[in-house]
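A.B. asks: Any chance you could fold what I've pasted below:
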Amino acid sequence: MRQSSLIVAVVTALGIIITAVILGNAIKNRNQAEDTIHVTGLGTKDFESDEIFWQGNFQAKSMDAKEAYSKILADKEKVKQFFISKGFSEKDINFGGVSVEKTFRTVYTQGEKSYETRSESIFDGYVATQNVSFTAKKNPELMSRIEKVADQTAELINSGIEFNGRPIQYTYSDLPGLKHSLIENATADAKDRADKIIRTADGKRGKLKSASMGVFQITGVGSNEEDSYGGNFDVYSKNKTARITVRLTYNLN
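C.D. replies: Next up, the predicted model:
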């Protein structure tokens, strides 16, 4: 009987010890999880685009497909000479392929009754379209020339050529390098924020526990556009602002 009581007492004591160890580790781990600080740093930089792309198209119309094609070839030569007169060389001018499409117009006729209206598509000829584009990379002089001529295409319209220019697009040649520098700046900013907070609270920063990066954003300088979940990538502003955030979690000693 005494032996059985002794065994029960030993088992009970072991159970108490094991429970105490488990609880102690749980409290320790909980305290470790709580003894952290989360900070977000911002890296930002204003920069000027060093690449430019601009394109437009012009059209010629005729009831005969061959005639529409002949007209667009004649207009192409006029367009080429126009750009050459503005200081471009032939190698700067990139002509795309010519497309020829049928066009139709809708004709409405009144039915026998006043509320009846019938519509019919009538063949309206062929439209030939020619694309032309310009690019410049790290060439300020050519970029300036493209920007200037984009505002002078009314001269082509006045000469009888239906020219439609699209907005200029601006990009940057070293986005990877820009992004890396922003990450470095954002990380340093987050670390500095953590140190300031910890010093104020008389604490001590421990090892880095985790790090995550936000979305790369590029907007026009001075833009109040909100950050996009998938990231912004402005191509219509020559002067841009790039930014990125970095979130760091440090242990506290």
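
A.B. asks: the strands in the stretch 51-200 of the chain, which residues?
C.D. replies: 51-62, 94-110, 117-137, 162-165, 169-171 (DSSP state E, counting those that start in this stretch).

A.B. asks: Just put the ones you listed in JSON lines and tack on distance to Lys86.
C.D. replies: C-betas here are computed from N, CA, C, even on glycine. Compiled in JSON lines, the strands of the stretch 51-200 of the chain are given as follows (distance: least, C-beta to C-beta, whole Å):
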{"stretch": "strand 51-62", "distance to Lys86": "13"}
{"stretch": "strand 94-110", "distance to Lys86": "15"}
{"stretch": "strand 117-137", "distance to Lys86": "11"}
{"stretch": "strand 162-165", "distance to Lys86": "13"}
{"stretch": "strand 169-171", "distance to Lys86": "20"}
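
A.B. asks: how about the helices in the stretch 101-250 of the chain?
C.D. replies: Using DSSP state H, counting those that start in this stretch, the helices of the stretch 101-250 of the chain run over 140-149, 154-158, 175-200.

A.B. asks: Quick one, which of these gets closest to Lys207.
C.D. replies: Proximity of the helices of the stretch 101-250 of the chain to Lys207 was assessed by C-beta to C-beta; the nearest stretch is helix 175-200, lying at 12.0 Å.

A.B. asks: Could you pull up the mean pLDDT of the closest one?
C.D. replies: This predicted structure assigns helix 175-200 an average pLDDT of 95.

A.B. asks: Could you list the low-confidence segments of this protein?
C.D. replies: Low-confidence segments of the chain, defined by pLDDT under 70, are located at 1-34, 111, 113-116.

A.B. asks: so what are the domain limits for it?
C.D. replies: For the chain, automatic domain parsing gives the domain ranges 34-48+174-252, 51-168.

A.B. asks: Turn those into TSV, columns for mean neighbour count.
C.D. replies: What follows is those, written out as TSV (neighbours: other C-beta atoms under 10 Å):
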stretch	mean neighbour count
domain 34-48+174-252	15
domain 51-168	14
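
A.B. asks: neighbours around Tyr170, how many?
C.D. replies: Using other C-beta atoms under 10 Å, Tyr170 has 22 other residues around it.
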